[in-house]
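Visitor: Build me a model from this:
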Amino acid sequence: MSKITITNNRPGGFGIPGGPVIAGNGGSLEVEQKDWDGVKDSPVVKASLNANHLTVSGAKAEKKQEPTGGGDEPKTVLEVLAMQTRNRCAIHGLQVCCHEAAGR
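Guide: Here you go, the predicted structure:
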């Protein structure tokens, strides 16, 4: 049976729906492909993949899926939260660069 490795890139733990909690800061969990297939379509898992909070590797680990909402289509709450998180990280990164450039 093929294995999938799920890595949690956030500081805190991530609870797999119906399963264990993956420790934060790069903690990982190896699961069977059939178990990954059972949780990969969960809205929470999809949003975490889209925000790069979770990464997966292994036999049939799918690439990060982009949010389904586009253009003027309504977005789900999880898609909006994922976008806000990415935006906050980008803004924080710019602030750090500006402070470093200013010598603060």
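
Visitor: how's this protein carved up into domains?
Guide: 1-64, 73-104 (automatic domain parsing).

Visitor: mean pLDDT for those domains: which is lowest?
Guide: Lowest mean pLDDT within these: domain 73-104, at a mean of 63.

Visitor: T7 pairs with what?
Guide: S28, T55 (DSSP bridges).

Visitor: Helices of the chain, start to end?
Guide: Using DSSP state H, the helices of the chain run over 33-39, 43-50, 77-101.

Visitor: Packing partners of the second one?
Guide: Other elements packing on helix 43-50 under the criterion 3 or more CB pairs under 8 Å, 6 or more residues apart in numbering; DSSP states H and E are strand 54-58, helix 77-101. To be clear about C-beta, it is placed using only N, CA and C from the backbone, and glycine gets the same treatment.

Visitor: tilt between that helix and strand 54-58?
Guide: Helix 43-50 and strand 54-58 are oriented at 80 degrees to each other (axes from the mean of the first three to the mean of the last three CA atoms, to 10 degrees).

Visitor: what about S57, how many neighbours?
Guide: 12 (other CB atoms under 10 Å).

Visitor: Leaving out chain neighbours, which residue sits closest to it?
Guide: Sequence neighbours aside, T5 is the residue nearest to S57 in space, at 5.1 Å (criterion: CB to CB, 6 or more residues apart in numbering).

Visitor: Please report how far the one you found lies from V45.
Guide: Per CB to CB, to the nearest Å, T5 is found 14 Å from V45.

Visitor: Who has more neighbours out of those two?
Guide: The neighbour comparison of T5 against V45 (other CB under 10 Å) goes to V45, with 21 against 14.

Visitor: who are the neighbours in contact with the more buried one?
Guide: Taking CB atoms under 8 Å, 6 or more residues apart in numbering, we find V45 in contact with I16, P17, V39, L54.
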